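>>> using only what follows, build the 3D model:
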Amino acid sequence: MNEPTPPHLLSIREAGAELRAGRLTASALTEATLARVEETESQLNAYITVTAEHARTQAQAADHELAAGRDRGPLHGIPVALKDLIDTAGIATTGGSGFLRERVPDHDAAVVTRLAEAGAVLPGKLNLHEFAFGTTSANPHYGPVHNPWDTTRSPGGSSGGSAAAVAVGSAMAALGSDTGGSIRIPAALCGVVGLMGTYGRVSRRGVLPLSWSLDHVGPLARSVEDAALVLNAIAGHDPADPGSADEPVPDATAELGRDLRGLVVGLPRDPLWLDVEQPVRDACERAVEELRALGTEVREVELPLLAEMRRMERGRFHRALLSEAGAYHARWLREHPEGYGEDVRATLEIVSLVPATTYINAQRMRRLAIEESHALLTEVDVLVSPTTEHTAPTIADGDPTARLVRLTAPYDVTGIPAISVPCGFDADGLPIGLMIGARHFDEVTLCRVAHAYEQATEWHGRRPPL
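Now for the predicted structure:
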């Protein structure tokens, strides 16, 4: 006889059904999640701050509301953790920084308000690459986050704590941020789902910025449906965020379970399949064949401008856009240079030297790339590629050449939505991610395709040994 699934490993939909049937309480679900935090943190270091009493209070309130017939929706009573650059009133928000260790905001970020309105429970704030400016989550102030599949390995970054916690069930879902791949990279390396909506779909108000014109906030979860449910809760126009889009927000779960017949899949071999290591390539090629078997038409397509950007010497194009980070950090860098980790300080010093003309020309080229992607996505419904060129590096090795962002950053540049879903494992048992992109504001089709692939395979059902 099969053992029942522990509460903290239920899907959001499953947990919701148990809560509404009275077979589970939000308090019991929260206690199971907090117990999992206690069980795994010595090995993972996924959290900077655990808000146990706050979570218990929220869970009790959720139980009272559900018992009284007030149902706030799918996230009511569900533990959802936050990357620790998302402001929480009365709770420290450090940005993974040493000199912001005591920073306690007065107001919640917009996404925190939306989660509270949805009835979610906050178990804590998650570790990250310092100021979200890196791909490894090897934080010099709070210690490195460890990959739950192999604790000598990096979970990716910058939302490494978010991915690691979700993978082991010390959060049922989490929010991360993505400027060059920081939701999708750790999702791929930790074997979970990472969903980055269209630029402007989710408010960044109250989130410490990295690059204003590139930053996104989005969910990490153990299934496409769970990620879509969280996106539903946090999406929407926010007049207080200048980058927020005033667009209708459809239900991202609306077409889950619908077949894929008639959809066209584009494979942008150049630039999004270049330099991919063989185990990753093989797994992603098999995933493409699975999509073909599900009824899609598969075509090879071209993105010449994005390909040119990739070839620009030593990542000069993306560095130009990240000069926005240099502007944001200029005062702190002058006043607290010793407060930054060595890698982040060195990178900030480099991007701070980008000339204004270089930045402006990069933004002009970016506009052309956005138009190019728009045009291509009138011919195909989704784009498919590996999420990363390789599986998780060791913490000791890190990612010195920034290879991990090469395939993900083009989606931040063009602003189109993208999702990473598990699609296999290498010979060392490390997860591999498949990336799918869709038209601007078409997260419905994005989730439909990702969910169909997920349900046709067994990769999302595997759990790390931790």
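>>> can you tell me the centre-most residue of this protein?
Here the mean C-alpha position of the chain is nearest to the C-alpha of Ile183 (CA atoms, centre = their mean), at a distance of 2.2 Å.
>>> which helices and strands sit right next to the lowest-mean-pLDDT helix or strand in the chain?
Least confident helix or strand, the chain: helix 316-321 with a mean of 77, by mean pLDDT, DSSP states H and E. Under the contact criterion of 3 or more CB pairs under 8 Å, 6 or more residues apart in numbering; DSSP states H and E, the helices and strands touching helix 316-321 comprise helix 356-376, helix 409-414. The way it works is simple: take the backbone N, C-alpha and C, and place the C-beta from them, glycine included.
>>> list the buried residues of that helix.
Across helix 316-321, burial judged by 16 or more other CB atoms under 10 Å covers 317-321.
>>> same question, stretch 233-250
Under the neighbour-count criterion of 16+ other CB under 10 Å, stretch 233-250 has 233-236, 238, 241, 243-245, 249 buried.
>>> hang on, Ile12 packs against Leu229?
Yes. Judged on CB atoms under 8 Å, Ile12 makes contact with Leu229 at a distance of 5.3 Å.
>>> what is in contact with these two at once?
Shared contacts of Ile12 and Leu229, defined by CB atoms under 8 Å, 6 or more residues apart in numbering, comprise 74-75.
>>> so where is the stretch 51-200 of the chain shaky, pLDDT-wise?
Across the stretch 51-200 of the chain, nothing is flagged by pLDDT under 70.
>>> strands along that one, start to end?
Using DSSP state E, counting those that start in this stretch, the strands found in the stretch 51-200 of the chain span residues 80-83, 124-126, 138-139, 143-144, 173-178, 193-196.
>>> off-centre distance for the fourth one?
The reference is to strand 143-144. Going by CA atoms, centre = their mean, to the nearest Å, the spacing between the C-alpha centre of strand 143-144 and its chain's C-alpha centre is 19 Å.
>>> do the same with stretch 450-464
For stretch 450-464, the gap between its own C-alpha mean and the chain's C-alpha mean amounts to 17 Å (CA atoms, centre = their mean).
>>> coming back round to it: sitting in strands, which of the buried residues of stretch 233-250 do you find?
Of the buried residues of stretch 233-250, none are assigned to strands by DSSP state E.
>>> can you redo the residues you listed as TSV with distance to Ser385 and pLDDT?
TSV is the format used below for the buried residues of stretch 233-250 (distance: CB to CB, whole Å; pLDDT from 0 to 100):
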residue	distance to Ser385	pLDDT
Ala233	28	98
Ile234	26	99
Ala235	24	98
Gly236	29	98
Asp238	31	98
Asp241	29	98
Gly243	26	97
Ser244	28	98
Ala245	25	98
Val249	27	97
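>>> among those residues, which two are most distant?
Farthest-apart pair in those is Ala233 and Gly243; separation 19.4 Å (CB to CB).
>>> could you count how many residues lie near Thr5?
12 (other CB atoms under 10 Å).
>>> let me know the secondary structure of Tyr259.
Small correction: residue 259 is Asp, not Tyr. Three-state secondary structure (criterion: DSSP: H, G, I helix; E, B strand; the rest coil) places Asp259 in coil.
>>> now do it against Gly461, distance only.
Counting by CB to CB, to the nearest Å, the separation of Asp259 from Gly461 is 21 Å.
>>> for Ala307, same thing?
Counting by CB to CB, the gap between Ala307 and Gly461 amounts to 36 Å.
>>> more neighbours, those two?
The neighbour comparison of Ala307 against Gly461 (other CB under 10 Å) goes to Ala307, with 17 against 10.
>>> ok, now which ones touch the more buried one?
Ala307 makes contacts with 270-271, as judged by CB under 8 Å, 6+ apart.
>>> do the same with Leu383
For Leu383, counting by CB under 8 Å, 6+ apart, the contacting residues are 265-268, 272, 301, 376-377, 436-438.
>>> quick revisit: dump the buried residues of helix 316-321 to CSV, plus distance to Glu117.
Compiled in CSV, the buried residues of helix 316-321 are given as follows (distance: CB to CB, whole Å):
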residue, distance to Glu117
Phe317, 39
His318, 35
Arg319, 38
Ala320, 38
Leu321, 33
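>>> of these, which is the nearest to Glu41?
Checking the buried residues of helix 316-321 against Glu41 with CB to CB, the nearest one is His318 at 33.5 Å.
>>> hmm, the closest one is touching Ala409, no?
Yes. His318 lies in contact with Ala409 (CB under 8 Å); the separation is 5.4 Å.
>>> want to throw the helices and strands packed on helix 316-321 into JSON lines with distance to Ala118?
Compiled in JSON lines, the helices and strands packed on helix 316-321 are given as follows (distance: least, CB to CB, whole Å):
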{"stretch": "helix 356-376", "distance to Ala118": "31"}
{"stretch": "helix 409-414", "distance to Ala118": "26"}
